[in-house]
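[1] structure for this input, please:
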Amino acid sequence: MEWEYIRTIEHGVLGHRELIKRLKVPGGWLVKYIDFAGSKGPVRHAMVFVLDGEEAWDVTKEPIKLEQFVLKKNPNYNERTCRFNVPDGWVVLDGHYLAGGAQSHISLVFVPDPQRQWEIGKKDNRGTNPKQPLLRYAERLSMCTDTDTSRIREREVHETVTIGGIVRHIREMMTKENYLMANVTIEDLKGSIEVIFFPDPYKNYYDLIHGNDPVIIKGFIEHVNETTKMICDEVQVLADKEDTL
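    Numbering: from 1, shown residues only. Now for the predicted structure:
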């Protein structure tokens, strides 16, 4: 018997990697999650049994995708809870991370859900019907912004601009000084652009970026590897006229 590799998730921060493996056992699978906290950091792992009586789990057809649905931060540690698909349910990963990024605790649990009835809310399903939520804000967008993602590439490098849209993706990373920053993908009615949040703006506007409402972002244009991006200075929530009454 041998462990079968399923997926590696690389964060690109100090060599941090997450590995997911499985092992066939009678009646199902053992699923193992392994966390490598950098080349000099600790290696931690957790394991759970997944029922699969018909041996129907084909990872080539349904590749594992971690979906984060809880992220809680305080000065001492961060709490992150994710899930991924397995036969007849979900594996839930819960991890606590100490300040500076070291992982202090991880655990796995299997949640039976053969009908896939577990929905994790609008905030965690931004991938569905991405443009429709912005239609009701179209007039406010034109009033509160001075460009959009289809025209921003015509502006000059380091020019200050204001765009608005929906947060589609957040990729967090640690600086060399162990401060948290993020690259945030903003989508409007014309397309999308990546906005870089350095540690101070990301901390100051964290709740707005992780909320469900469209946002207005003011910043300046930068070119990274010949790609147009923005550097964030300020963020505010975009409200339509009905919301302001």
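
[2] how close does the spatially most central residue of the chain sit to residue 57?
    By CA atoms, centre = their mean, the chain has its centre lying nearest to residue 170, at 4.6 Å. Computed with CB to CB, to the nearest Å, the distance linking residue 170 and residue 57 is 29 Å. For glycine as for every other residue, the C-beta is placed from the backbone atoms N, C-alpha and C.

[3] residue 159 now?
    Applying CB to CB, the value for residue 159 to residue 57 is 51 Å.

[4] of these two, which one has the most company?
    residue 57 (19 against 10; other CB atoms under 10 Å).

[5] name the helix or strand for the more buried one, please.
    Assignment of secondary structure by DSSP states H and E places residue 57 within no helix or strand.

[6] residue contacts, the spatially closest residue to it that is not a sequence neighbour?
    Counting by CB to CB, 6 or more residues apart in numbering, residue 87 is the residue found nearest to residue 57 once chain neighbours are left out, at 4.6 Å. Contact analysis of residue 87 by CB atoms under 8 Å, 6 or more residues apart in numbering lists 28, 29, 50, 51, 52, 56, 57.

[7] just curious, which of those residues is nearest to residue 93?
    Comparing those against residue 93 with CB to CB places residue 50 closest, at 13.0 Å.

[8] number of residues surrounding residue 81?
    If you count neighbours by other CB under 10 Å, residue 81 ends up with 16.

[9] oh sorry, the question was meant for residue 91
    Per other CB under 10 Å, the neighbour tally for residue 91 reads 22.

[10] which residues does it contact?
    Applying CB under 8 Å, 6+ apart to residue 91 gives the contacts 31, 48, 50, 83, 84, 108, 109, 110, 111.

[11] run the last query once more with 6 Å
    31, 84, 108, 110 (CB atoms under 6 Å, 6 or more residues apart in numbering).

[12] repeat for residue 228
    Residue 228 makes contacts with residue 153, as judged by CB under 6 Å, 6+ apart.

[13] with residue 61 instead?
    Residue 61 neighbours (CB under 6 Å, 6+ apart): none.

[14] now do it against residue 29, distance only.
    Distance of residue 61 to residue 29, computed by CB to CB: 15 Å.

[15] tell me which residues in the lengthiest strand in the chain are buried?
    Using DSSP state E, we find that the single longest strand of the chain is strand 160-174. For strand 160-174, the neighbour count (16 or more other CB atoms under 10 Å) marks 161, 162, 163, 164, 165, 166, 167, 170, 174 as buried.

[16] give me the element the residue nearest to residue 6 when sequence neighbours are not counted is part of.
    Excluding the flanking residues, the one nearest residue 6 by CB to CB, 6+ apart is residue 20, at 4.6 Å. For residue 20, the element it lies in under DSSP H and E is strand 16-25.

[17] mind exporting that strand as PDB, just the C-alpha atoms?
    Provided in PDB are the C-alpha atoms of strand 16-25 (Å, rounded to 0.1, in the frame of the first residue of the first chain):
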ATOM      1  CA  HIS A  16       5.200  27.300   2.400                       C
ATOM      2  CA  ARG A  17       3.500  24.200   0.800                       C
ATOM      3  CA  GLU A  18       0.300  22.200   1.500                       C
ATOM      4  CA  LEU A  19       0.100  18.600   0.200                       C
ATOM      5  CA  ILE A  20      -3.000  16.400   0.000                       C
ATOM      6  CA  LYS A  21      -2.700  12.600  -0.400                       C
ATOM      7  CA  ARG A  22      -5.000   9.600  -0.200                       C
ATOM      8  CA  LEU A  23      -4.700   5.900   0.700                       C
ATOM      9  CA  LYS A  24      -7.200   3.200  -0.300                       C
ATOM     10  CA  VAL A  25      -8.500   1.200   2.600                       C
END
